[in-house]
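> Just need the structure, nothing else, for what follows:
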Amino acid sequence: METDEDDGTDFLLKDSGDDTDLRLARLEALASRRPALLSAVMLRQNPHNVAEWHKRVKLFTGDPTKQILTYTEAVKTVDHDKAVGKPNTLWIAFAKFYEKHGDIANARIIFNKAVQVPFKYVDDLATVWCEWAEMELRHSNFKSALDLMRRATSVPQRPRKLSQQEERQLPVQERLYRSSKLWAFYADLEESLGTLQTACGVYDTMLDLRVATPQIILNYALMLQEAKHWEAAFQVYERGTALFKYPHVADIWAAYLKSFVARYGGSKLERARDLFETALKDCPLEQAKPLYLEYAALEEQHGLARHAMEVYERAIPAVPKDLRLSVVELYVSRATDFFGIAKVREIYESAIESEPPGELPEADIRVLCVRYAQLERKLGEIDRARAIFVHGSHLADPRRDRSYWEAWNDFEVKHGNEDTFREMLRIKRSVAASYAQMHIHSSAQVADVAAGTAAVGADQQQPTDTMAALEAQALADKGTRLPGFVSAGVIQQDQGQAAAAAAGQGQQPAAAAVAANPEEIELGDDDDEADQAAADGTANAADDDASIVQEKAVPAAVFGSLAQQAAGQEEQQVEELLGALERFKKRRVE
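Predicted coordinates for the structure are as follows:
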């Protein structure tokens, strides 16, 4: 009995292919939905990913209803504590969507809801307020924009002043009034749309709340200067210098001093000097040069040249080393105009002979020596110029600082003679030798450090035999004492061959003789006996001669130092005949 039920097992047998168009339509619909389906998968993996929500909104471009639904779902789903990205951008984009379609009322509703959201950071909430005010400005609602900023920056009323730790525990809406970004936007609006009094009130409130930045101080002072309120602007600069320290206050001091000098010039010179001294009191080296140059320029134009020279002299040790040469050059130039050659010589000499911490680098000293010598040569002071070259020669390595020696060589060729030229060559050789000796000493120190490191490693592997350790110490004591000298050792030719043969056979080579003489002649036992007999015969003959001829000792003064050397050689021969233990006992007694 056949049943009417069809379980789909014979689908392939009964398929006639009449629904091909339907299947293609389904495939195309699935392919068109593929981006949205992938976006849904990504959001199921992390529903707090802000960037994925923005991508999903773009997928529904052309369908405002789906975009609104997507924004609504996004702002409801994203948790601000778990969000990846900035969740405030979703609210801003949602409001701008309504603004783009001309629905300002709904855009205001979205912004009003956004400013009540407990964002994680104050800056996120401040950005929402600023975007709301900018939207009002785009639609020429200036009064509404100002009202929004007054509302956002209103200081909450509290029964007591909270500590920083307690204030951090409050929601962002309670901490919004300390946002520098919001206050800066508010100040710009008051400058553009409000009056001078309202703008000053905003700036003063920022200074009282200590949320002002150095740029805010500069903007406030510039606004007052444009309104010709010079003293009020200078008071703002004073408040700024009291709020900030270096390096942040450097721009404020620069603008303050420039404005004050441009306004009063030399009419209030003492006040200007006090300002410069206050600015330079705690100024770091990197930022001191412009202030010193402006101070010196003030003294040159409105003060005394002597004071300007003192400022230049103070500036040399107060700037970084790489900038001191430029200050000295300017100092020399101004001294030439005001005081002449006597002051210039004093400047050159003090700069060349400067001591720490105000000294110049050696390269700059060499440059000054050459320039000083050229100046003396132009004045006809040949001996003074030569003395300057001699003085700076100890800082010029002939192998590296060739320009210095070439300048001296040209000077001697033009103005010297054979004796002075030879003296210059002698000094050059002496300086080259001193630098070579310094190089040797530095190399010796490196070698000593390496030897010390090797000695520490050798101590960890030294044998436990006491006599072996003593012998090694004795051999070390007999070595040379010259720093940096390392003996290569002496190995006999036959010993080297024997060691090579032993190594080829897998045996350990015997230890080489420590102080072997390569020119020593091997003598047999017969030769030793003959030498002994000859020595005995010579002694007997000497006794016979002594009975006939009387000898008299030669005074030691005749031999001089040769007698001491002979005595030292005899003591050394005696020590070589003694064993290791006897040598150490003898040294302990001495």
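
> Quick one: the helices in the stretch 251-400 of the chain, in order.
The residue ranges that make up the helices of the stretch 251-400 of the chain, judged by DSSP state H, counting those that start in this stretch, are 269-281, 288-302, 305-318, 321-338, 341-352, 362-378, 382-392.

> quick one: which of those is nearest V115?
With respect to V115, and counting by Cβ to Cβ, the nearest of the helices of the stretch 251-400 of the chain is helix 269-281 at 43.0 Å. Quick note: C-beta positions are derived from backbone N, CA and C, even for glycine.

> average pLDDT across stretch 319-327?
Averaged across stretch 319-327, pLDDT comes to 92.

> swap in stretch 404-422?
Mean pLDDT, taken over the full extent of stretch 404-422, equals 92.

> buried residues in it?
Y404, W405, A407, W408, N409, F411, E412, G416 (16 or more other Cβ atoms under 10 Å).

> Just send these back as TSV, with secondary structure and distance to A74 too.
Rendered in TSV, the data for the buried residues of stretch 404-422 read as follows (DSSP: H, G, I helix; E, B strand; the rest coil; distance: Cβ to Cβ, whole Å):
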residue	secondary structure	distance to A74
Y404	helix	74
W405	helix	77
A407	helix	76
W408	helix	80
N409	helix	81
F411	helix	82
E412	helix	86
G416	coil	89
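
> Can you tell me which of the helices of the stretch 251-400 of the chain is nearest to V211?
helix 269-281 (24.6 Å).

> In terms of secondary structure, what does that closest one contact?
When contacts are defined as 3 or more Cβ pairs under 8 Å, 6 or more residues apart in numbering; DSSP states H and E, helix 269-281 packs onto helix 250-264, helix 288-302.

> Centre of the chain to that helix, how far?
For helix 269-281, the gap between its own C-alpha mean and the chain's C-alpha mean amounts to 32 Å (Cα atoms, centre = their mean, to the nearest Å).

> next one: stretch 324-331
With Cα atoms, centre = their mean as the basis, the distance from the averaged C-alpha position of stretch 324-331 to the chain average is 25 Å.

> Same question for stretch 163-173.
In terms of Cα atoms, centre = their mean, the centre of stretch 163-173 is set 38 Å apart from its chain centre.

> start at 49 instead
New numbering, starting at 49: the last item is stretch 211-221.

> buried set for that stretch?
Along stretch 211-221, the positions that meet the burial threshold by neighbour count (16+ other Cβ under 10 Å) are V220, Q221.

> Can you pull out the residues in contact with it?
Applying Cβ atoms under 8 Å, 6 or more residues apart in numbering, the set of residues contacting stretch 211-221 from outside is V163, Q164, P166, F167, K168, Y169, V170, D172, L173, L210, E222, R223.

> returning to what we had before: next, format the helices of the stretch 299-448 of the chain as TSV and append mean neighbour count.
As requested, these are arranged in TSV below (neighbours: other Cβ atoms under 10 Å):
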stretch	mean neighbour count
helix 317-329	15
helix 336-350	19
helix 353-366	19
helix 369-386	17
helix 389-400	17
helix 410-426	19
helix 430-440	18
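
> what's A353 in contact with, if anything?
By Cβ under 8 Å, 6+ apart, the contact list for A353 reads E347, F386, F387.

> what pLDDT does it get?
At A353, the model reports a pLDDT of 91.

> repeat for P603
Reading off the confidence values, P603 has pLDDT 61.

> next one: P446
Per-residue pLDDT puts P446 at 88.

> Report the separation between it and A480.
In this view, P446 and A480 are 5 Å apart by Cβ to Cβ, to the nearest Å.

> Show me which residues of the helix or strand encompassing H102 are buried.
When secondary structure is defined using DSSP states H and E, the element that contains H102 is helix 98-107. If you call a residue buried by 16+ other Cβ under 10 Å, then helix 98-107 has these buried ones: V98, E100, W101, H102, R104, V105.

> R414: which of these is nearest?
Minimum separation from R414 among those (Cβ to Cβ) is found for V98, which lies at 62.5 Å.

> my guess is that closest one contacts T137, does it?
Yes: V98 lies in contact with T137 (Cβ atoms under 8 Å); the separation is 6.4 Å.

> on that earlier part again, farthest pair within the buried residues of stretch 452-470?
Spanning the widest gap among these are Y452 and G464, at 16.1 Å by Cβ to Cβ.

> Ignoring the adjacent residues along the chain, who's closest to H102?
Of all residues not flanking H102 in the chain, A141 sits nearest, at 6.9 Å (Cβ to Cβ, 6 or more residues apart in numbering).

> Report the separation between that neighbour and K293.
The spacing between A141 and K293, counted by Cβ to Cβ, is 41 Å.

> re the thing from before, what would the buried residues of helix 98-107 look like in a markdown table with pLDDT and distance to Q335?
Output for the buried residues of helix 98-107, formatted as a markdown table (pLDDT from 0 to 100; distance: Cβ to Cβ, whole Å):
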| residue | pLDDT | distance to Q335 |
| --- | --- | --- |
| V98 | 90 | 42 |
| E100 | 90 | 47 |
| W101 | 90 | 47 |
| H102 | 88 | 44 |
| R104 | 88 | 51 |
| V105 | 89 | 49 |
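
> Spatially central residue (nearest the centroid) of this structure, please.
Central residue of the chain (Cα atoms, centre = their mean): E334, 13.6 Å from the mean position.

> thinking again about what came up before, name the nearest of the contacts of A353 relative to Y304.
Nearest to Y304 among the contacts of A353 is E347, at 18.0 Å by Cβ to Cβ.

> show me the contacts for that closest one.
With contacts defined as Cβ under 8 Å, 6+ apart, E347 is in contact with A353, H355, A356, V359.

> Look up the closest residue to it, ignoring the ones flanking it.
Using Cβ to Cβ, 6+ apart and skipping residues adjacent in sequence, the residue nearest E347 is A356, 3.8 Å away.

> There's contact between the one you found and E342 in this structure, I believe.
No: in this structure, A356 is not within contact of E342 by Cβ under 8 Å, at 11.4 Å.

> Between the two, which contacts overlap?
Residues touching both A356 and E342 (Cβ under 8 Å, 6+ apart): there are none.

> Tell me which residues of stretch 179-199 come out buried.
Judged by neighbour count (16+ other Cβ under 10 Å), stretch 179-199 contains these buried residues: E179, W180, A181, M183, E184, L185, N189, S192, A193, L194, L196, M197.

> Could you dump these into a markdown table and include secondary structure?
Below are those laid out as a markdown table (DSSP: H, G, I helix; E, B strand; the rest coil):
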| residue | secondary structure |
| --- | --- |
| E179 | helix |
| W180 | helix |
| A181 | helix |
| M183 | helix |
| E184 | helix |
| L185 | helix |
| N189 | coil |
| S192 | helix |
| A193 | helix |
| L194 | helix |
| L196 | helix |
| M197 | helix |
